[in-house]
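Trainee: Okay, structure incoming, though there's no sequence with it:
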């Protein structure tokens, strides 16, 4: 008996949504179809839906969630928007994948976790290094060394964040000069100055992958 393909919806279609997600899901035609897009910028919505052959386009995530067209959604959004947007998806009972990190603040993240647990809704966070074949291989080797004691105790881990063509020569994403939705961002915690907030954002938005990789290896 053949397995039914997942009907996938996208909430947002910005740089990462196109480059890191849509392009890859299109390479899984036996697994899923991208059937719907929620994008409040009409010009971008039209261009993206045409390029990726997405049949249904909505102006808001509420319309997409109410349509009954999707089995799961990808919400590739700025992470300070997660605590505002994701509760609507969890309450709709539709599994969702977001980019990392979970939220801007610990308190907002804990609220999202609690809501998902109470509703039994799945929120998957894209810490892709845990499913990277090279990282999985390294993890197996490290675990074998720990078990055998061949190299003694693990005392040191160094993880770098080298540059490189991570896009693998993928077509450039479609851009737009249309304004996005204003005001739908979690504010910086009160203890952060603007300068410290920029440093905090740079760390949790980029280097959090390396932190997660260390946790994975340990």
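Mentor: On my side now, so go ahead. Worth saying up front: this structure is predicted, and the values here are computed from it rather than measured.

Trainee: Now the closest residue to residue 17 other than its chain neighbours. Its backbone dihedrals?
Mentor: Leaving aside its sequence neighbours, residue 17 sits nearest to residue 76 (Cβ to Cβ, 6 or more residues apart in numbering; 3.6 Å). Where C-beta positions appear, they are placed from N, C-alpha and C, glycine not excepted. With angles defined as degrees, to the nearest 10, residue 76 shows backbone torsions of phi -90, psi 90.

Trainee: surely residue 76 meets residue 98?
Mentor: Yes: contact criterion Cβ atoms under 8 Å: residue 76 and residue 98 qualify, at 7.1 Å.

Trainee: Same drill for these two, tell me which one is more crowded.
Mentor: More crowded of residue 76 and residue 98, by other Cβ atoms under 10 Å: residue 98, with 25 against 22.

Trainee: partner residues bridging the more buried one?
Mentor: For residue 98, the beta-bridge assignment (DSSP bridges) gives partners residue 75, residue 125.

Trainee: Could you check how far it is from residue 176?
Mentor: In this structure, residue 98 and residue 176 are separated by 21 Å, where distance is defined by Cβ to Cβ, to the nearest Å.

Trainee: Least confident secondary structure element in the protein?
Mentor: Of all the helices and strands that make up the chain, helix 194-202 has the lowest average by mean pLDDT, DSSP states H and E, namely a mean of 83.

Trainee: got a list of contacts for that one?
Mentor: 188, 192 (Cβ atoms under 8 Å, 6 or more residues apart in numbering).

Trainee: Please spell out which residues along it are buried.
Mentor: residue 201 (16 or more other Cβ atoms under 10 Å).

Trainee: what element comes up after it heading to the C-terminus?
Mentor: Towards the C-terminus, the helix or strand next in line after helix 194-202, according to DSSP states H and E, is helix 208-217.

Trainee: which helices and strands sit right next to that next one?
Mentor: Under the contact criterion of 3 or more Cβ pairs under 8 Å, 6 or more residues apart in numbering; DSSP states H and E, the helices and strands touching helix 208-217 comprise helix 133-148.

Trainee: Kindly calculate the angle that the helix it packs on makes with helix 208-217.
Mentor: The directions of helix 133-148 and helix 208-217 differ by 30 degrees, with axes from the mean of the first three to the mean of the last three Cα atoms, to 10 degrees as the criterion.

Trainee: for helix 133-148, the distance to its chain's centre please.
Mentor: Helix 133-148 sits 26 Å away from the centroid of its parent chain (Cα atoms, centre = their mean, to the nearest Å).

Trainee: Show me what that helix packs onto, helices and strands only.
Mentor: Counting contacts by 3+ Cβ pairs under 8 Å, 6+ apart, helix 133-148 is packed against helix 208-217.

Trainee: middle-most residue in the chain, spatially?
Mentor: The chain has residue 99 as the residue nearest its centroid, 1.9 Å off, counting by Cα atoms, centre = their mean.

Trainee: and that one, what is it in contact with?
Mentor: The neighbours of residue 99, taking Cβ under 8 Å, 6+ apart as the test, are 16, 20, 76-77, 79, 125-126.

Trainee: Helices along the chain, start to end?
Mentor: With DSSP state H as the criterion, the chain has helices at 15-16, 23-25, 42-51, 61-66, 82-91, 106-119, 133-148, 194-202, 208-217.
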